[in-house]
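Chemist: Model the structure of this input:
(one chain, ligands or ions: 2)
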Amino acid sequence: MQQALRIAPSILSADFARLGEEVGAVDAAGADWIHIDVMDGHFVPNITIGPEIIRALRPHSKLPFDVHLMISPVDPYLDAFAEAGSDIITVHAEAGAHLHRTVQHIKALGKKAGVALNPGTPAQAVQPLLGEIDLVLVMSVNPGFGGQSFIASQVDKIKELRARIDASGRAIDLEVDGGINRNNMARVRAAGADAVVAGSATFSGGAYAENIAALRAAAARN
Ligand code: DX5
Ligand code: ZN
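Modeler: Ligands and ions are numbered 1, 2, ... in the order given. Below is the predicted model:
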């Protein structure tokens, strides 16, 4: 069943020189989760942040840290990301040969486990994991950078995953990441999303509370 909408600002679009303040600011502006994009320059063509930065950010907000690992290999780093203060740890289905083992590892660490699907990966890739995971992350851009355009073909995949999650009977969040804005928000919500990542849409212009409120209002215009 679709849940109340959660908005997760991606701090990839924040001012990296003031990251702690930025996390506190989006928390105060009405964010539900803090989305943290971890990139390794190998699985994706960009390098961002590691567990020590997450540890340093942890005191700046009590909101769940929604940590999106775009790294390969991922297994050797799971303990460090868990200990640093992640609440949800999402790994890519494409990032390793042993997705089920990786998910078990995250669960054994006491964290919520998410699986992300690149735009070219079908919904069915996550089907065997629906008995274990807490979240599916649909990438509506190719991962690596903020500020890209929403890939409209992913809307059908969101709908398909909504149906698969509902059929599972489990409380699995369906989150969408990439190119979310006021114009496509209603479509994404109507397709079945429970949570959306919003990088540029939160941080552009500097009015974070207005930006988040505008996304929520747009989602309600179904
Ligand atoms: C892309 C990241 C996204 C990105 C979203 O690889 O996973 O979280 O920061 O940024 P916007 O909302 O600007 O597309
Ligand atoms: Zn992300």
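Chemist: Just read off the phi/psi values of the closest residue to Asp40 other than its chain neighbours.
Modeler: Excluding its sequence neighbours, the residue lying closest to Asp40 (CB to CB, 6 or more residues apart in numbering) is Ile71, at 4.0 Å. C-betas here are computed from N, CA, C, even on glycine. The phi and psi values for Ile71, taken as degrees, to the nearest 10, are phi -140, psi 150.
Chemist: Name all residues that make contact with Ile71.
Modeler: Listed by CB atoms under 8 Å, 6 or more residues apart in numbering, the contact partners of Ile71 are 38-40, 42-43, 77, 95.
Chemist: Need the pLDDT of it.
Modeler: For Ile71, the model assigns a pLDDT of 98.
Chemist: In three-state terms, label the residue of the chain found nearest ligand 2 for me.
Modeler: Residue nearest to ligand 2 within the chain: His68 (3.7 Å; CB to the ion). Assigned by DSSP: H, G, I helix; E, B strand; the rest coil, the conformation of His68 is strand.
Chemist: from memory it sits against Ala116, does it?
Modeler: Yes: assessed by CB atoms under 8 Å, His68 is found in contact with Ala116 at 6.6 Å.
Chemist: Mind listing the shared neighbours of the two?
Modeler: Contacts common to His68 and Ala116, judged by CB under 8 Å, 6+ apart, are 90, 137, 177.
Chemist: Run through who's touching stretch 150-170.
Modeler: Residues contacting stretch 150-170 (CB under 8 Å, 6+ apart): 1-2, 117, 119, 122-124, 126-127, 130-131, 136, 138-142, 172, 174, 176, 178-181, 184, 187-188, 191-193.
Chemist: next one: stretch 76-87
Modeler: With CB under 8 Å, 6+ apart as the test, stretch 76-87 has contacts from 33, 36, 38, 50-52, 54-55, 57-58, 64-67, 69, 71, 89, 102, 105-106, 109-112.
Chemist: what's near enough to touch Ser61?
Modeler: By CB under 8 Å, 6+ apart, the residues touching Ser61 are 23-24, 27, 34.
Chemist: Can you tell me which of those has the most neighbours?
Modeler: With neighbours taken as other CB atoms under 10 Å, the top of the contacts of Ser61 is Ile34, carrying 27 neighbours.
Chemist: Compare neighbour counts for His68 and Ala116 and give me the winner.
Modeler: When neighbours are counted by other CB under 10 Å, His68 and Ala116 differ, and His68 comes out ahead with 28 against 23.
Chemist: re the thing from before, what's the farthest-apart pair in the contacts of Ser61?
Modeler: Gly24 and Ile34 (10.0 Å; CB to CB).
Chemist: Model confidence for Asn222, exactly?
Modeler: Note for Asn222: predicted pLDDT of 67.
Chemist: Quick one: name whatever helix or strand follows the helix ranked longest in the chain.
Modeler: Longest helix in the chain by number of residues (criterion: DSSP state H): helix 154-168. Counting by DSSP states H and E, the next helix or strand C-terminal to helix 154-168 is strand 173-177.
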